[in-house]
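Chemist: Predicted structure and sequence below. I'll ask about it afterward.
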Amino acid sequence: MDGYRVFTWDQQKFPNHEKMLDRLKGQGYKIVTIIDPGVKKDKGYSIYDQGLKNNYFATDRDGIPYVNRVWPGKALYPDFSNQAVRHWWAENQKILVNHGVAGVWNDMNEPASFDGPLPDDVQFNNDGRLTDHREIHNVYGHYMSKATYEGIKTATNKRPFVITRASYAGTQKYATVWTGDNQSLWEHLRMSLPMLMNLGISGFAFCGTDVGGFGFDCTPELLSRWVQVGAFTALFRNHSSASMRDQEPWAFDEKTESINRKYIKLRYRLLPYFYDIMHDEETTGLPMIRPLLLDYQNDENVYGINDEFMSGSNILVAPVVEQGKTARMVYLPKGNRWIDYWTKAVFDGGQYIVKNAPLDVCPIYVKEGGIIPMYPAQNYVGEKKISQLTLDIYPFTGKGESCYEHYQDDGESFDYRSGSYNLYDFILKRSGNLIEINISKTREAYGEKYQSFKFIINGIKPLEFLVDGQTGKIENDDDQFSFTVSNTAKKIDLKF
């Protein structure tokens, strides 16, 4: 910003910001800019002048615009409880998105202030029912998020990407949230797990933390362990204070960079699985990161566990969250067998196991019968045209049946609400020495449908497999049996 004036660009640092944003977009970057509510008190600055002319700012009891101090210095606070102000703020989003900005991060919107908190008697319009700061404080960030969301939606006709620091019940309709200014401490990594799980079951499914910690100096070990958690959270960003040491993976050493790359690539491969979770969340409310007790309420052993979590219903993540540890106890819930994602070893549920976990290993387990849709690794969403869906399948070791529904749409518009999406059902059955996979396309109304499906079958090597009754061809004869079928295939039989 130009002197922290919101909706402006520093012309010295960014002399041609539109060209810069266009170049970055061509490289796959989606730029998110920060916008605070505090409007700099500066005659001749258009946002300040407009707000003052139209009585858009919160006032003192005498009707004089209230002034406090934030990053721009003396600043005034838009009265987001007033619909006219929200509409004005929404219109201003065009200043950003029309120049190529892809999303907006609303910060300092508690609202924060440097010269003490806003007094209780600061006045707000509240859509015609006058009130004071005591009533508006908790919904201030909510209203700002709503205005930002509606402005971006109107300007782009796409699903807006909005981050907010302050929120209230219902803000999940408009913004993603993070847990605020944490520190680069192991205690804060441990604490983030129950915080994110609580946010999830409270309705805020799209949440995350500042990976690596915002304040203090992060260490290579702490960043490596934190990124292993962040890869499974909806909002995943490494973020730190400008006054701390550089915290990018490459600012440490080759080992740290390699571990970060490993889990970022894993996240990109798991994107269709995560997208299925978020699609399901829109209708069921079930979050992406879940406490074990949500899926295993009949297992009393999980009630006190807050250092493991479920990612959807098929993946259990048990990260290492203590300094210097290279192994940990993992509890596997009753009622299922569990397969180690890395070694493919099978374990009965209802027991604690010891998992060796050197710095580059985050313990991950897949529920028996689990089906995990995967994409090829990418540097950014949209880099590759996805014509093939990979299904990573973990068959039952005994008799069993499971079903997985996969969802596909364009990823950014609202066309899915009028029916432009695809649905695929994959049913996995095991009986004796036969594994059967049924493929059902229950809806194909979105044009970019898959041309083929690749199946990875973990733990078995069939003697024979049939695709719609015809003998299939083994692609690669290694420890991980895999094969590809066309989008028209309906049934696969594996005999072993």
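Modeler: Great, that's in hand. Numbering: from 1, shown residues only.

Chemist: In which helix or strand does the residue of the chain lying at maximal distance from its centre reside?
Modeler: For the chain, the largest distance from the centre (CA atoms, centre = their mean) belongs to D62, which lies 44.4 Å off. Per DSSP states H and E: D62 is located in neither a helix nor a strand.

Chemist: where exactly do the helices run in the protein?
Modeler: 17-26, 46-53, 83-92, 94-97, 133-136, 140-156, 186-201, 220-230, 254-269, 271-284, 292-295 (DSSP state H).

Chemist: can you redo those as TSV with mean pLDDT, distance to L494 and mean neighbour count?
Modeler: C-betas here are computed from N, CA, C, even on glycine. Converted to TSV, the helices of the chain look like this (pLDDT from 0 to 100; distance: least, CB to CB, whole Å; neighbours: other CB atoms under 10 Å):
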stretch	mean pLDDT	distance to L494	mean neighbour count
helix 17-26	96	44	13
helix 46-53	98	64	16
helix 83-92	98	55	18
helix 94-97	96	50	19
helix 133-136	98	61	17
helix 140-156	98	46	23
helix 186-201	98	36	19
helix 220-230	98	33	23
helix 254-269	98	23	17
helix 271-284	96	22	17
helix 292-295	97	28	20
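
Chemist: Relative to N433, which of those is closest?
Modeler: Nearest of these to N433, taken as CB to CB: helix 271-284 at 28.9 Å.

Chemist: Show me what the closest one packs onto, helices and strands only.
Modeler: Applying 3 or more CB pairs under 8 Å, 6 or more residues apart in numbering; DSSP states H and E, one finds that helix 271-284 contacts strand 309-311, strand 371-374, strand 400-408.

Chemist: hang on, the earlier thing: got the contact list for the residue farthest from the centre of the chain?
Modeler: Neighbouring residues of D62 by CB atoms under 8 Å, 6 or more residues apart in numbering: there are none.

Chemist: Quick check, pLDDT for it.
Modeler: If you check D62, the pLDDT there is 96.

Chemist: now do P462
Modeler: For P462, pLDDT reads 84.

Chemist: which residues touch it?
Modeler: Contacts for P462 (CB under 8 Å, 6+ apart) come out as I435, F481, L494, K495, F496.

Chemist: try it again with 7 Å
Modeler: Neighbouring residues of P462 by CB atoms under 7 Å, 6 or more residues apart in numbering: F481, L494, K495, F496.

Chemist: biggest separation within the residues you listed, which pair?
Modeler: Among these, F481 and K495 lie farthest apart (CB to CB), at 12.5 Å.

Chemist: so where's this protein uncertain?
Modeler: Residue ranges of the chain with pLDDT under 70: 475-479.

Chemist: With C207 as the reference, name the closest of the helices of the chain.
Modeler: When the helices of the chain are compared (using CB to CB), the closest one is helix 186-201, at 4.5 Å.

Chemist: What lies in contact with that closest one?
Modeler: Residues contacting helix 186-201 (CB under 7 Å, 6+ apart): 177, 179, 182, 207, 209, 213, 222, 225-226, 229, 233, 287-291, 294, 306-307, 309, 321-323.

Chemist: now the angle between helix 271-284 and it, please.
Modeler: Interaxial angle, helix 186-201 versus helix 271-284 (axes from the mean of the first three to the mean of the last three CA atoms, to 10 degrees): 50 degrees.

Chemist: Report the angle between helix 186-201 and helix 220-230.
Modeler: Going by the same axes, to 10 degrees, helix 186-201 is angled at 10 degrees with respect to helix 220-230.

Chemist: With adjacent residues omitted, what lies nearest to Y149?
Modeler: Spatial nearest neighbour of Y149, chain neighbours left out: Y174 (3.9 Å); criterion: CB to CB, 6 or more residues apart in numbering.

Chemist: let me fix that: I163
Modeler: Per CB to CB, 6+ apart, closest to I163 is W105, 4.2 Å.

Chemist: mind listing what the one you found touches?
Modeler: Contacts of W105 were listed using CB under 7 Å, 6+ apart, and they are V32, T33, I34, I163.

Chemist: Touching, the third one and D107? I think so.
Modeler: Yes. Between I34 and D107 there is a contact at 5.4 Å, judged by CB atoms under 7 Å.
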